[in-house]
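Quick one, fold the following:
(one chain, ligands or ions: 1)
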Amino acid sequence: MNRISKLMRDGRSLILAYDQGLEHGPTDFDGRNVDPSYVVKIAREGGFDAFVAQKGVAENYYMGEKVPLLLKLNGKTAIYGKDPVARQNCSVEYAAKLGATAVGYTIYIGSAYEGEMMAEFGRIQEQAHERGMPAVLWIYPRGEFVKNDVTREMVAYAARAGMELGADAVKIKYSGDAESFAWAVKSAGKTPVYMAGGPKASTEEEFLRHVSDCIRAGAAGVAVGRNAWQSDDPMRTARRLNAIVIGRKPLEEALGIA
Ligand code: FBP
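Residues are numbered from 1 along each chain as shown. Here you go, the predicted model:
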């Protein structure tokens, strides 16, 4: 809890993720948010507790920023379609040199390559802990044998696996309702659970309802990307997210924030 508290306000975290350029390609972007500076400004002015990026974005756009940097140490593209594997592309040592407060890593449980990713994360977690840095685990069931990655069982399995692998916090997909998400949170034990944002919802209300469900279910926060920086008004979205996640306000009250 001590390590991850570096990314928390009042036991909660609001994290802005911006590694989709590698994970999905520029297809997620428009003329504004294709520019990392635009999203860095949202992190800086929107009251976020951490900014997630790959090292190239950190090196070129994030030096000297005050919002803690959660540097992703692995990643992959969306081009290769079989069982996913994301290998390490940046060391913990270099992350520390870049000023990262925390490191992040993705494991695709269920993939034919899950063992490689677990072994790599194991080394990263130990190196991060030697430096007092939290290691946050994105943990997504994926691969030939995963028919549905957001069932109650799958999402809870991801949360539990992340806890057992020693993550300081786990980032998992929304399972569709508060009850099933609560089971995932319980399965993670003392390990804080963050909800991943996912593709832009059809309305902001729908997205914020999911956030609110997860918070009611015991989530420690959200790590959101597209639903924040693709918003027509990212600062208003950030204020609403802050109200729900950090301010513990009900959804209806948050939706009234201009
Ligand atoms: P979003 O809120 O945009 O979904 O971002 C969360 C995230 O975990 C990113 O950090 C990552 O780039 C992306 O989702 C991966 O998405 P997926 O593997 O589901 O396509």
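
what helix or strand does residue 170 sit in?
Using DSSP states H and E, residue 170 sits in strand 169-172.

and the following helix or strand past that strand, what other elements does it pack with?
Where DSSP H and E defines the elements, the next helix or strand beyond strand 169-172 is helix 178-187. Packed against helix 178-187 by the contact rule (3 or more CB pairs under 8 Å, 6 or more residues apart in numbering; DSSP states H and E) you find helix 152-164, strand 193-196, helix 204-216. (C-beta placed from N, C-alpha, C; glycine too.)

Contact residues of the stretch 1-150 of the chain facing the ligand?
Within the stretch 1-150 of the chain, the positions adjacent to the ligand are 17, 19-20, 23-24, 52, 138 by CB under 6 Å from any ligand atom.

and with 8 Å instead?
Within the stretch 1-150 of the chain, the positions adjacent to the ligand are 17-20, 22-24, 28, 52, 72, 75, 78, 104, 106, 138, 140, 142 by CB under 8 Å from any ligand atom.

Pull out the buried members of those.
Buried members of these, scored by 16 or more other CB atoms under 10 Å, are 17-20, 22-23, 28, 52, 72, 75, 104, 106, 138, 140, 142.

Okay, and which of the residues you listed map to helices?
20, 22-23 (DSSP state H).

what about the helices in the stretch 1-150 of the chain?
Here the stretch 1-150 of the chain has its helices, by DSSP state H, counting those that start in this stretch, at 20-23, 36-45, 55-61, 92-97, 114-130.

Turn these into TSV, columns for mean pLDDT.
Shown next, in TSV, are the helices of the stretch 1-150 of the chain (pLDDT from 0 to 100):
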stretch	mean pLDDT
helix 20-23	98
helix 36-45	98
helix 55-61	98
helix 92-97	98
helix 114-130	98
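
CSV for the ones you listed, including distance to residue 146?
Output for the helices of the stretch 1-150 of the chain, formatted as CSV (distance: least, CB to CB, whole Å):
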stretch, distance to residue 146
helix 20-23, 17
helix 36-45, 30
helix 55-61, 29
helix 92-97, 29
helix 114-130, 11
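
hang on, the earlier thing: sheet partners, orientation included, of the strand holding residue 170?
According to DSSP bridges, strand 169-172 forms sheet pairs with strand 135-141 (parallel), strand 193-196 (parallel).

That strand and the ligand, are they touching?
Yes - among the residues of strand 169-172, residue 171 lie within reach of the ligand under CB under 8 Å from any ligand atom.
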